[in-house]
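Q: Sequence plus predicted model, see below.
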Amino acid sequence: MHTLSTFAVKPLIAITVESRYDPEDARTRGNIKLNWNYFQMVSEAGGVPLVIPPTADMEEVAKLVHGWLIPGGLDMDAAHWGEANHPKSELQDPSRWESERALYEALPEAVPILGICYGCQFLNVVRGGSLIQHLPDELGNESHGGGNLQTYGIDSGSKFATVAGVTETQGQSWHHQAIGRLGEGLRVVSEHEDGTVEAIESTDERWLLAAQWHPERTPESEATQNLFRAFIQAAARYAANR
């Protein structure tokens, strides 16, 4: 099996970001936002993080990068799966969905993708799935918000368990939405005891894994380190073989 030191070039990892476009702001026209721990985890695992704003030409980005990390963010418009938005929804700027969908469609299938929180939800919706818009309505509590440390079981036969090196891990949850109807070509590999989907992966050979929790916020975790290391190694293999 390859280790990162086997490869001559560090892989370039696209990280798409939360954005706010405000044409009325004469000083900035808006901003983008990305938490430090995402690009720190990519760098420490051996990759080169590239922050991709929504204005980028996604077809050119797809030719350039060797992996894609989709981080957390605000809520996407429920119109993408045919519903009205919940009153508690905090909607993202439309440019994020539009640009990420364009990158998803342009990216070769051999490029590994890792989704985190919103990124997990995006991968489900872009493949035709839906979201539960406000978990407290379903569960009667807010147990998945506020950074609660939870324990997650991972199916032992899954790709996720193989790369993480564990069948149980702990992580922090910061979400009020979750996967509803599962998207095409995906399978659930982790569920909370209350039925909330916590991780998904592709059903084919594609390297596409996603966690509803935030592994980047527990960098000392063996599972987190293994997950990011495997992601970067997969990207390095793609870079070496394309």
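A: That came through, no problem.
Q: Which secondary structure element is home to Arg20?
A: Using DSSP states H and E, Arg20 maps to strand 18-21.
Q: after the helix or strand bottoming out on mean pLDDT in the chain, next one along is what?
A: Here the helix or strand of the chain ranked lowest by mean pLDDT, DSSP states H and E is helix 135-139, holding a mean of 76. Counting by DSSP H and E, the next helix or strand C-terminal to helix 135-139 is strand 148-153.
Q: Residues contacting the next helix or strand after that following strand, please?
A: Counting by DSSP H and E, the element after strand 148-153 in chain order, helix or strand, is helix 159-164. For helix 159-164, the external contacting residues (Cβ atoms under 8 Å, 6 or more residues apart in numbering) are 154-155, 167, 189-190, 199, 201-202, 207, 209, 211, 223, 226-227, 230-231. Every C-beta, even on glycine, is put in place using the N, C-alpha and C of the backbone.
Q: low pLDDT regions in this protein?
A: 1-8, 139-147 (pLDDT under 70).
Q: residue furthest from the geometric center of it?
A: Computed with Cα atoms, centre = their mean, the residue of the chain farthest from its C-alpha average is Ala26, at 32.3 Å.
Q: The lengthiest helix in the chain: which residues count as buried?
A: Secondary structure of the chain per DSSP state H: the longest helix is helix 222-241. By 16 or more other Cβ atoms under 10 Å, the buried positions in helix 222-241 come out as 223-239.
Q: before we move on, what about stretch 165-177?
A: Val166, Thr167, Thr169, Gly171, Gln172, Ser173, Trp174, His175, His176, Gln177.
Q: Equivalent analysis for stretch 22-35, please.
A: So for stretch 22-35, counting by 16+ other Cβ under 10 Å, buried means Gly30, Ile32, Leu34.
Q: coming back round to it: in strands, which of the buried residues of stretch 165-177 fall?
A: Of those, the ones assigned to strands by DSSP state E are Thr169, Gly171, Gln172, Ser173.
Q: May I see the residues you listed organised as TSV, with distance to Asp22 added?
A: Output for these, formatted as TSV (distance: Cβ to Cβ, whole Å):
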residue	distance to Asp22
Thr169	39
Gly171	33
Gln172	30
Ser173	30
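Q: Between those residues, which sits nearest Ser95?
A: Nearest to Ser95 out of those is Ser173 (Cβ to Cβ; 26.5 Å).
Q: Could you verify my assumption that the closest one touches Pro215?
A: No: using Cβ atoms under 8 Å, Ser173 makes no contact with Pro215, being 11.2 Å away.
Q: which helices and strands sit right next to the strand holding Arg20?
A: strand 30-33, helix 94-106 (3 or more Cβ pairs under 8 Å, 6 or more residues apart in numbering; DSSP states H and E).
Q: Would you mark the buried spots in the longest one?
A: Right, the one you point to is helix 94-106. Within helix 94-106, the residues that count as buried by 16+ other Cβ under 10 Å are Ser95, Arg96, Trp97, Ser99, Glu100, Ala102, Leu103, Tyr104.
Q: Noted, bye for now.
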